[in-house]
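Enquirer: Got a predicted structure here, sequence first:
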Amino acid sequence: MVVKPRKDGQERPVAVLCSGGLDSAVLVAHQTRHARVHPVYVRAGLAWEPQEQNVLGRLLAAAPFAGRVEPLIRLDATVRDLYTPSHWAVRGTPPAFDTPDCDVYLMGRNVTLLAKVGLLCAQRQIGVIALGPLAGNPFPDATPAFFDAMAQALSLGLDHDIQIVSPFGHFTKAEVIRLGVELGVPFELTLSCMGPADDRHCGRCSKCRERRQAFDAAGVVDPATYASQTATGDRRPEAGER
């Protein structure tokens, strides 16, 4: 879904949840074609966030983002008072390379993010929140029904009309990569990893596997640097893998 210009010809403001990963980087670039983008990063107390924030700052300072998006907004919405210290996302021990996608589920992730960003939108008179779940996302807080219900609840509770859009909801990650190539997204500055080492991809977690397979499927060379090449190598997806 594309945020269309207002009838007065001015660009509509849109808050885009951006982590520095390839999906959200392409989403920011995509939204700048039709809207005034306010990129938002929400710190939840997860292990990989310091590296994400380092990468995100460099990413938004590069083309095609520099001068085309508003300054990055950083918000805090910790889950450390709800997730136990032994939780893998707090400890920094993510699901391994060949584990299924559903193993990375973080309970309440989008509920927390959208509640916090919704309040920001009400304060700044922003009417649209965009985020980047893809086709096949298995989680209950990434469905159209959830987004519609959350938008209605935020609009009622904040007395401010808010729309939640997921423009890539029918895209595969390979399709997002191809779109990013068209938009000039610098994929070498993105980070899609749950166990980064010195701002590099670990090469051992399931997000690294997902990224490598998507670049293979897109027919595009992955420019990322991986701390471990042995886990990824030149491996191609097996039959039936996503």
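Expert: Great, that's in hand.
Enquirer: Measure how buried F147 is and give me the count.
Expert: 21 (other Cβ atoms under 10 Å). Glycine gets a C-beta too; all of them are placed from N, C-alpha and C.
Enquirer: Need the nearest residue in space to it, chain neighbours excluded.
Expert: Leaving aside its sequence neighbours, F147 sits nearest to I164 (Cβ to Cβ, 6 or more residues apart in numbering; 4.3 Å).
Enquirer: Quick check on the nearest residue to A227 once chain neighbours are set aside: phi, psi?
Expert: Distances taken as Cβ to Cβ, 6+ apart place A197 nearest to A227, at 4.0 Å, with adjacent residues excluded. Note on A197: its backbone torsions stand at phi -120, psi 110 [degrees, to the nearest 10].
Enquirer: Could you tell me whether the residue nearest to F147 really is in a strand?
Expert: Yes - if the criterion is DSSP: H, G, I helix; E, B strand; the rest coil, then I164 is within a strand.
Enquirer: OK, contacts around it?
Expert: Going by Cβ atoms under 8 Å, 6 or more residues apart in numbering, I164 touches L114, V128, I129, A130, L131, F147, D148, M150, A151, L154.
Enquirer: In PyMOL, how would I select just the buried ones from the residues you listed?
Expert: In PyMOL syntax, the buried subset of the contacts of I164 is picked out as below (16 or more other Cβ atoms under 10 Å):
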select buried, resi 114+128+129+130+131+147+150+151+154
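Enquirer: Would you mind listing the buried residues in stretch 74-84?
Expert: Buried, per 16+ other Cβ under 10 Å, within stretch 74-84: V79, Y83.
Enquirer: Chain neighbours aside, what residue packs nearest to L59?
Expert: Counting by Cβ to Cβ, 6+ apart, L59 lies nearest to L189, which is 4.4 Å off, once chain neighbours are set aside.
Enquirer: per-residue pLDDT, that neighbour?
Expert: Per-residue confidence (pLDDT) for L189: 97.
Enquirer: List the contacts of it.
Expert: L189 touches A25, V55, R58, L59, A62, counting by Cβ under 8 Å, 6+ apart.
Enquirer: Tell me, how many residues neighbour the third one?
Expert: Number of residues near R58 (other Cβ under 10 Å) recorded here: 14.
Enquirer: R36 pairs with what?
Expert: Counting by DSSP bridges, R36 forms beta bridges with P13.
Enquirer: what residues are up against it?
Expert: If you count contacts by Cβ under 8 Å, 6+ apart, R36 has them with E11, R12, P13, V14, E70.
Enquirer: closest to S206 among the residues you listed?
Expert: Nearest to S206, judged by Cβ to Cβ, of those is V14 at 29.8 Å.
Enquirer: coming back round to it: looking at the contacts of L189, which are in helices?
Expert: A25, V55, R58, L59 (DSSP state H).
Enquirer: what about burial for those, which qualify?
Expert: A25, V55, L59.
Enquirer: Hmm, V185 and the first one touching each other?
Expert: Same thing as A25. Yes - taking Cβ atoms under 8 Å as the definition, A25 is a contact partner of V185 at 5.3 Å.
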